[in-house]
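Colleague: Build me a model from this:
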Amino acid sequence: MKNVLLLLIKIYWLVVPPAKRRKCIFRNSCSKYVYEETVNKGISSGLKAFKYRFQNCRSGAYIIENPLGEVQIILPNQQILNETEISERFIKNKNSNHGKICNHSKSQ
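Modeller: I've put the predicted structure just below:
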């Protein structure tokens, strides 16, 4: 099962060019994170990582600047990510990115 998940991720990397992939809010892309979790900690951890990222990546996340001037993202599960965990493209454009990043509601 572990090898199947790793193979699916590798196929995704080969078939879908980087320019066509969804832009991840996390510094470490979702597919890379799930791949690394699966390789290092096994299939159970890899599937948990996939579920976590699927539920929290871009779906209703908010980008904010805290009182210290640091960029943070509030995920749908109310977890707050600091700059070290956020994709660099959000930090570079922090003045234009404040507010809701994306809302993937069923009505769209």
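Colleague: Please name the nearest non-neighbouring residue to Gly42.
Modeller: Here the nearest residue to Gly42 in space, its sequence neighbours aside, is Lys2; by CB to CB, 6 or more residues apart in numbering that works out to 6.5 Å. C-beta: built from backbone N, CA, C; applies to glycine.
Colleague: what's the burial count for the one you found?
Modeller: 13 (other CB atoms under 10 Å).
Colleague: Tell me which residues touch Arg53, please.
Modeller: With contacts taken as CB atoms under 8 Å, 6 or more residues apart in numbering, Arg53 has the following neighbours: 26, 30, 33-34.
Colleague: where's it relative to Gly69, distance?
Modeller: Arg53 sits at a distance of 28 Å from Gly69 (criterion: CB to CB, to the nearest Å).
Colleague: Looking at Asn93 now. What's its pLDDT?
Modeller: Reading off the confidence values, Asn93 has pLDDT 67.
Colleague: just Lys106 next, same as before
Modeller: pLDDT, Lys106: 38.
Colleague: quick one: low-confidence ranges for the protein?
Modeller: Using pLDDT under 70 as the threshold, the predicted model of the chain has low-confidence ranges 58-59, 93-108.
Colleague: how distant is the helix or strand hosting Ile63 from the center of its chain?
Modeller: Secondary-structure element containing Ile63, defined by DSSP states H and E: strand 62-65. Mean-position distance between strand 62-65 and its chain equals 15 Å (CA atoms, centre = their mean, to the nearest Å).
Colleague: Neighbouring strands of it in the sheet, and parallel or not?
Modeller: Strand pairing for strand 62-65, using DSSP bridges, gives strand 71-74 (antiparallel), strand 99-100 (antiparallel).
Colleague: For that strand, list the C-alpha coordinates in CSV.
Modeller: As requested, the backbone C-alpha atoms of strand 62-65 are provided in CSV (Å, rounded to 0.1, in the frame of the first residue of the first chain):
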residue,chain,number,x,y,z
TYR,A,62,-6.9,33.6,6.1
ILE,A,63,-3.6,35.4,5.8
ILE,A,64,-2.8,38.0,8.5
GLU,A,65,0.0,40.2,9.8
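Colleague: for Ser87, what are its contacts?
Modeller: Counted by CB under 8 Å, 6+ apart, Ser87 has contacts 23-27.
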